[in-house]
Structures are given as structure tokens and as C-alpha cells.
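1. Test case, fold it:
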Amino acid sequence: MSTNDFLYLIILPVLSISVLLVFIRFIIGPGISDRVVALDLMITIGIAIITVVAMVSEKSSFLDIAMIFALIAFLGTIAFSFYLEKRNRDD
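-> Next up is the predicted model:
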């Protein structure tokens, strides 16, 4: 079994199932915190999928896209924590 077969047959299905499970958590999450964490996890899984595609296709330009997604996810998490801190300060 080559590396590409391993990535296609094992890693991508596991990542796909995890996206579905996290999306269900995103839909039924009782609080906004649960939804933001689920969204951040979906972006992280998306970065993993992009990395797998970059490894299989041997194109490093996909890794630049993955780094941009990671930056967006980080900034979104920081913005949400700022929102929560400001909301708790006002209460």
C-alpha cells in the first residue's frame, strides 16, 4: 500500500466522517460557544483535507491556502473571545 493509497482509502474517509459529526454538533449545539468551537474544528479539518490534497497532488500552492485558512480561523477565535469578554464585562 503506497502513501497515496493510504491517504485516499483511510485518511480522507476519516476526515469526511469527522466533518459530518462536527457539522451535526454545529447544528444542534446548545450555545454559541459550542457552535464557534465546532466551526473552528471544521476549519481545522478543512485544513487537514487541503494538506492531504497537497500531498497527493504534489502541489505546494495548496499549503498557502491552508495557511490562510489557519490565519482566518485564528482571527475568528480571537474575535469571538473578545466578544465574550466584552459581553461579560457589560453584564
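2. would you list every one of the helices in this structure?
-> Using DSSP state H, the helices of the chain run over 3-6, 12-28, 32-57, 61-90.
3. any idea which of these scores lowest on pLDDT?
-> Note on those: helix 3-6 shows the lowest mean pLDDT, a mean of 82.
4. which one of the helices of the chain is the most hemmed in?
-> helix 32-57 (a mean of 16; mean count of other C-beta atoms under 10 Å). Heads up, the C-betas are built off the backbone N, CA and C, glycines and all.
5. Please name every helix or strand in contact with it.
-> Identification of packing neighbours for helix 32-57 by 3 or more C-beta pairs under 8 Å, 6 or more residues apart in numbering; DSSP states H and E yields helix 12-28, helix 61-90.
6. Distance check, Thr3 against Leu9.
-> Note on Thr3: its distance to Leu9, by C-beta to C-beta, to the nearest Å, is 11 Å.
7. can you check Leu41 too?
-> Taking C-beta to C-beta, one finds Leu41 at 23 Å from Leu9.
8. Let me see the contact set for the residue lying closest to Leu39 once chain neighbours are set aside.
-> Excluding the flanking residues, the one nearest Leu39 by C-beta to C-beta, 6 or more residues apart in numbering is Phe26, at 6.2 Å. Taking C-beta atoms under 8 Å, 6 or more residues apart in numbering as the criterion, Phe26 is in contact with Arg35, Ala38, Leu39, Met42.
9. Turn the residues you listed into JSON lines, columns for distance to Thr51.
-> Shown next, in JSON lines, are those (distance: C-beta to C-beta, whole Å):
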{"residue": "Arg35", "distance to Thr51": "25"}
{"residue": "Ala38", "distance to Thr51": "20"}
{"residue": "Leu39", "distance to Thr51": "19"}
{"residue": "Met42", "distance to Thr51": "15"}
